[in-house]
Structures are given as structure tokens and as C-alpha cells.
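Enquirer: Here's a sequence, model it:
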Amino acid sequence: MTDVQHTIRRSVSCSGIGLHSGEKVTLLLRPARAGYGVRFRRADLGGLEIPATVDNVDRLHYATGLSRDAGTVETVEHLLAALVSLGVDNVIVELNQAEVPIMDGSAASFVYLVHEAGLKRLTRPRRYLKALRPIALTRGEKRIALYPSDHFKVTYSISFDHPLLRHMTHTLRVTRESFVDDIAPARTFGFLKEVEMLRQKGLALGGSLDNAVVLGETGVLNSSLRFDDEFVRHKILDAIGDLALVGYPVIGHLVAHRGGHELHAAFAKKILEESEAWEIVESQVTGGAGAQGLPATVEVSTSATG
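Expert: Now for the predicted structure:
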């Protein structure tokens, strides 16, 4: 049986505030046909659509933004991570403002939203981007690479000038279940000393202890962490969402050190440019449920349509 594309079964919505704009936002997920992909629709701009592709990446200041014509949409990465990890290939993301709501700073609310909507099988096969040889990008001390693998796996390490974040590493094979349990709940984080600077730039206007982990000089200002290494898990969440901009679920081992949205987006573009380093494949399901990368057991075949 061929692993096929999915959309959501019914429309669902949620409301929240934009992390950087501070504005109240309503988000509505609508079902979409096979091959439609993920597209953001600005209801306040006459229905202008912005496909979630690397070609539309625009602003990358502390979040990932997209733009097309006169429209923009900001902070897309957490939602994109949830959609690709839960196997939603085609969906309309309708917004009445220019920013996806931050919710609690993680992807947990978007996981709940997709579960409420349910999944609907479509007739077109799901296609994956499978790494054939290493692809790498280095910018100073920041580096990221994709290596061949038979499933989607992420190894991420971070290092900050802070006693809690000197060095932290996490490795995870990304499946639907591991994403929901181990990555989606991890919240965005920031440093108290940077908050005023960000707000002077018109950023983080909606940020609070309710939607971010805030670090003081020696510790966390929030009551508790969800994981001991919540910070690096959130970096994995961001990387999954940014990598979704290649337009396909990925089969490969993503390894990153000290990355961020700019590095992730540049790497997504580099992947597509190095077309000899990967192939587009379809998978044949032989058992188990589908996940971000592959179903439990698959036989991968090269797509005839390229």
C-alpha cells in the first residue's frame, strides 16, 4: 500500500497573540486538495496566499517569516513543525493578522488543533526528499548538515554564555509519537537582558512568562521547565519547522550546532540547490502508522515524476 498525502478532516481554529507583534490573532486551518501544500492565507488582505516554501522566506529576526507580493506572515516555524511531523501535507492556514499566534511558546497547541481536526487520506502518493550524500553549511561557529539515513533524525547542540546553557545536545529519531511527546511541548526561550532591546526594535511585544522560558543571569524565571534540556529540544522544533520549507518531508540525519532561523533557512535553500545530493521518493507502507519521516516500515522507490 502506498503512503499517501493527507489533509485535515474538518476546519478548526484557535486564537492567541503574536509573540512579536503583540496583536490578537485568529488562526483557522482548512482542508486542502492533494498537491496543494501548506499555504498561509491572509484573510485581512483579500485572501492573499503565501505558500510555505523557501522561495518565500523573508524576515528571519528571532522567528521565520514569509512574504509574497504585499503580504507577510511571521513566526511560522512552530506550526510548520507540527504539520509536517503529524503528516499534514496539504492545508490552508488562514490568518487575520500577519503573525501566527505564539500560544504557549511551543507546538503543543497546534498538535491539539490537528488532533481535533483529524486526518483525511487523499489519493496522491506522499513524496519525500531523501538525502543521498552529505550536504553541509558553515557560518563561523554555526554549522548544519544533512547526512543519508533511512529515517528522519535530528542531532542538535547549543552553546550560550549562560550557566545553564554552556553546552546541551539532544538526538532524536523524529516520528509522530516522538514529536508529540518529546519535542512539541518544548517552549521558545529568551534572555531577560535582551527583552528591552527587542522591544525597542518592535519585537517580543507579546512575550511573557506564559509563552516563553525566560532566563535571568543565573537561572530560569519561570516556575519550572518541561524538560531538563527544554532549550535544545526547542531548537529541534524550530529546525523541523524551518526544514519543512523545502516542500517535502525529509529522510536523512540533520546535525546542527549553534544554529538559528537564518542558518536553518539558508540550509533549506542550499539543499534544494544541491539537487544531485538527494532524490524525490515515494514510500510503500508495509506496516504501522505514518510519521514525519516514514511509516513504521517502508520500501522506498524513486518517484517517476522527479
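
Enquirer: Low-confidence bits of the stretch 1-150 of the chain, can you list those?
Expert: Applying pLDDT under 70 to the stretch 1-150 of the chain flags the ranges 1-2.

Enquirer: And the nearest residue to residue 15 once chain neighbours are set aside, how close does it get to residue 282?
Expert: Excluding the flanking residues, the one nearest residue 15 by Cβ to Cβ, 6 or more residues apart in numbering is residue 26, at 4.8 Å. In short, each C-beta sits where N, CA and C put it, glycine included. To residue 282, residue 26 is 36 Å away according to Cβ to Cβ, to the nearest Å.

Enquirer: likewise residue 99?
Expert: Distance from residue 99 to residue 282, by Cβ to Cβ: 35 Å.

Enquirer: These two: which is more packed in?
Expert: Comparing residue 99 with residue 282 by other Cβ atoms under 10 Å, the one with more neighbours is residue 99, at 24 against 20.

Enquirer: Would you map the strands across the stretch 151-300 of the chain?
Expert: 152-158, 168-173, 189-191, 213-215, 250-257, 278-287, 297-302 (DSSP state E, counting those that start in this stretch).

Enquirer: Please identify the most buried of those strands.
Expert: strand 250-257 (a mean of 23; mean count of other Cβ atoms under 10 Å).

Enquirer: Kindly export that one (C-alpha atoms) in CSV.
Expert: Output of strand 250-257 as CSV, limited to C-alpha atoms (Å, rounded to 0.1, in the frame of the first residue of the first chain):
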residue,chain,number,x,y,z
VAL,A,250,12.9,14.8,4.7
ILE,A,251,14.6,11.4,5.0
GLY,A,252,18.1,12.0,6.5
HIS,A,253,20.0,12.8,9.6
LEU,A,254,20.1,16.5,10.3
VAL,A,255,23.0,17.6,12.5
ALA,A,256,23.3,21.2,13.7
HIS,A,257,25.4,23.2,16.1
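
Enquirer: now that strand against strand 152-158, angle please.
Expert: With axes from the mean of the first three to the mean of the last three Cα atoms, to 10 degrees defining the directions, strand 250-257 sits at 10 degrees from strand 152-158.

Enquirer: Identify the residues contacting strand 250-257?
Expert: Residues from elsewhere that reach strand 250-257, judged by Cβ atoms under 8 Å, 6 or more residues apart in numbering: 128-131, 141-159, 235, 239, 243, 263-264, 278, 281, 293-294, 300.

Enquirer: mind running it again at 7 Å?
Expert: 128-131, 142-149, 151-157, 239, 243, 293-294 (Cβ atoms under 7 Å, 6 or more residues apart in numbering).

Enquirer: Quick one: buried ones out of these?
Expert: Among these, those scoring as buried are 128-131, 143-146, 149, 151-157, 239, 243, 293-294 (criterion: 16 or more other Cβ atoms under 10 Å).

Enquirer: Among those residues, which ones are in helices?
Expert: Mapping these onto helices (DSSP state H) picks out 239, 243.

Enquirer: Any buried residues in stretch 36-44, and which?
Expert: 36, 37, 38, 39, 40, 41, 42.

Enquirer: ok, the fourth one touching residue 51?
Expert: Same thing as residue 39. Yes: here residue 39 reaches residue 51: they are 5.0 Å apart, a contact under Cβ atoms under 7 Å.
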